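Peer 1: predicted model and sequence follow; I will ask about them next.
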Amino acid sequence: MTMRQEDTVNLRPRSRWADDASCRTHDIVLFFGTEKRPLLGVADAEPGMRICKACPVRRDCLLDSLLTQEWVGLRGGFLGAERRRSLSRNGTVAAAMAAYDAGTFTGSRRG
């Protein structure tokens with residue numbers, strides 16, 4: 001997915017957002033799984049999703065994952081396939097984030 005410059009001008013995670021991420025104090029396996037058992041579905045990711053749901057920088061994390069097109073693991077409370085699907089459905093990062101803000105990011109689940 002190619003982004004136009006105007007799509008990202010006002011879309012930047014706040015600086016050093018990762019310093020405040022709730023996941024920093026938890027095992028990375030909760031958010032990315034392992035090589036032998038990656039997080040593939042919502043059921044596998046549920047423990048990490050609970051942590052993401054209460055994270056103060058969840059939106060920044062999601063935005064960063066969309067801007068960098070990182071589709072692996074749990075970011076911003078959504079699995080890579082969910083993030084990719086929402087970006088594809090919405091067409092731009094700006095539109096995907098507007099859907100997130102409206103509570104309609106994926107359509108497959110709320111959270």
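Peer 2: Looks like it came in fine.

Peer 1: only C-alpha atoms from now on, for both contacts and neighbour counts.
Peer 2: Will do.

Peer 1: quick check: phi and psi on the residue lying closest to A45 once chain neighbours are set aside?
Peer 2: Leaving out its chain neighbours, the residue that sits closest to A45 by CA to CA, 6 or more residues apart in numbering is L39, at 5.9 Å. Dihedral pair for L39: phi -70, psi 110, per degrees, to the nearest 10.

Peer 1: my guess is L39 contacts I28, does it?
Peer 2: No - with contacts counted by CA atoms under 8 Å, L39 stays clear of I28, the gap being 11.3 Å.

Peer 1: ok, those two, which is more surrounded?
Peer 2: Legend: neighbour count by other CA atoms under 10 Å for L39 and I28, higher for L39 (23 against 14).

Peer 1: and the more buried one, what does it touch?
Peer 2: L39 is in contact with F31, F32, G33, A45, G73, L74, L79, counting by CA atoms under 8 Å, 6 or more residues apart in numbering.

Peer 1: the residues you listed in strands, which ones?
Peer 2: Cross-referencing the contacts of L39 against strands under DSSP state E gives L74, L79.

Peer 1: ranking the contacts of L39 by neighbours, who comes first?
Peer 2: When neighbours are counted by other CA under 10 Å, L74 leads the contacts of L39 with 30 neighbours.

Peer 1: report pLDDT for the closest residue to that residue other than its chain neighbours.
Peer 2: Excluding the flanking residues, the one nearest L74 by CA to CA, 6+ apart is F31, at 4.9 Å. If you check F31, the pLDDT there is 95.
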